[in-house]
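Trainee: okay, structure incoming, though there's no sequence with it:
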């Protein structure tokens, strides 16, 4: 792959390259934290009732399978 | 349809992360939940194709991702609004990061391609390996790696630009106030 080449091409040439790389690694760390924070924020909400109920229905309905067919009409 | 209790528990355990992935993909909590609902319906209808002992999360992520690709992406296009579609929904803001950074990150995420966004989330937030992400996205491992690295680079570019223009004035305001 020529990925690193592309990277170089896009970078402005000059003495700021190293400073730029330093800035990028700081920004990268922030991005990584931010992504996980956003994601974990949703994960922490756990299982909403509608899904817990959907799965609980499996026990009640047995082979019947009613109530989970919404959204599975197409095809 | 019969689903044994152990399988059902595995599905339950995967739901929080599956939702987070769905939110990342469609940028809207309500639509994400509809997406999860439809993916779960598909999964349950096809539970026989799940290999016991294999990774339930990866299996569900694959179904959800494919469903998003075939259905939801089209719908999103109809109302696409790069500034708003991602930010509009994630109502609660994680406490760990600052408000400006959070908004910036959302805006920047909205500017990634779907390929880049899903690869970055799977590897950078969901905790899948590149190999697992490649299976979920039905592509080569190298492709995932390059998408993740492009996504990171693109976000860094977008966020650095904002750093210069938005954090700069803030910094000087702060130092004035500190005097």
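Mentor: Perfect, thanks for sending it. All of these numbers come straight from a predicted model, not from anything done at the bench.
Trainee: which is the next helix or strand following whichever helix or strand residue A:33 is part of?
Mentor: Counting by DSSP states H and E, the element that carries residue A:33 is helix A:17-43. Next along the chain after helix A:17-43, taking DSSP H and E as the criterion, comes helix A:49-61.
Trainee: what is the rounded mean pLDDT of the helix holding residue A:33?
Mentor: Mean pLDDT, helix A:17-43: 79.
Trainee: equivalent analysis for stretch B:4-13, please.
Mentor: Rounded mean pLDDT across stretch B:4-13 is 91.
Trainee: residues of it that come out buried?
Mentor: Buried residues in stretch B:4-13, counted by 16 or more other C-beta atoms under 10 Å in any protein chain shown: B:7, B:8, B:10, B:11, B:12. (Glycine included, C-beta is placed from N, CA and C.)
Trainee: OK, contacts around the fourth one?
Mentor: With contacts taken as C-beta atoms under 8 Å, 6 or more residues apart in numbering or on different chains, residue B:11 has the following neighbours: A:55, B:3, B:40, B:43, B:44, B:56, B:60.
Trainee: hmm, try it at 10 Å
Mentor: A:47, A:51, A:54-55, A:58, B:3, B:18, B:40, B:43-44, B:47, B:50, B:56-57, B:59-60 (C-beta atoms under 10 Å, 6 or more residues apart in numbering or on different chains).
Trainee: likewise for the third one?
Mentor: Neighbour list for residue B:10: B:3, B:4, B:50, B:52, B:55, B:56, B:57, B:59, B:60 [criterion: C-beta under 10 Å, 6+ apart].
Trainee: closest to chain A among these?
Mentor: Among those, residue B:3 lies closest to chain A (C-beta to the nearest C-beta), at 5.2 Å.
Trainee: what about the closest one, neighbour count?
Mentor: Counted with other C-beta atoms under 10 Å in any protein chain shown, the neighbours of residue B:3 add up to 19.
Trainee: which phi and psi does it have?
Mentor: Dihedral pair for residue B:3: phi -120, psi 120, per degrees, to the nearest 10.
Trainee: now it, nearest residue through space, not along the chain?
Mentor: residue A:58 (5.2 Å; C-beta to C-beta, 6 or more residues apart in numbering or on different chains).
Trainee: look at the one you found and say how many residues are nearby.
Mentor: So residue A:58, with other C-beta under 10 Å, has 23 neighbours.
Trainee: go ahead and confirm it touches residue A:52.
Mentor: No - the pair residue A:58 / residue A:52 is not scored as a contact, 11.2 Å apart, by C-beta atoms under 10 Å.
Trainee: before we move on, the earlier item: quick one: which of the buried residues of stretch B:4-13 sit in strands?
Mentor: Residues from those lying in strands, with DSSP state E as the criterion: none.
Trainee: how does chain B divide up, domain by domain?
Mentor: Listed domain ranges for chain B are B:1-80, B:97-179 (source: automatic domain parsing).
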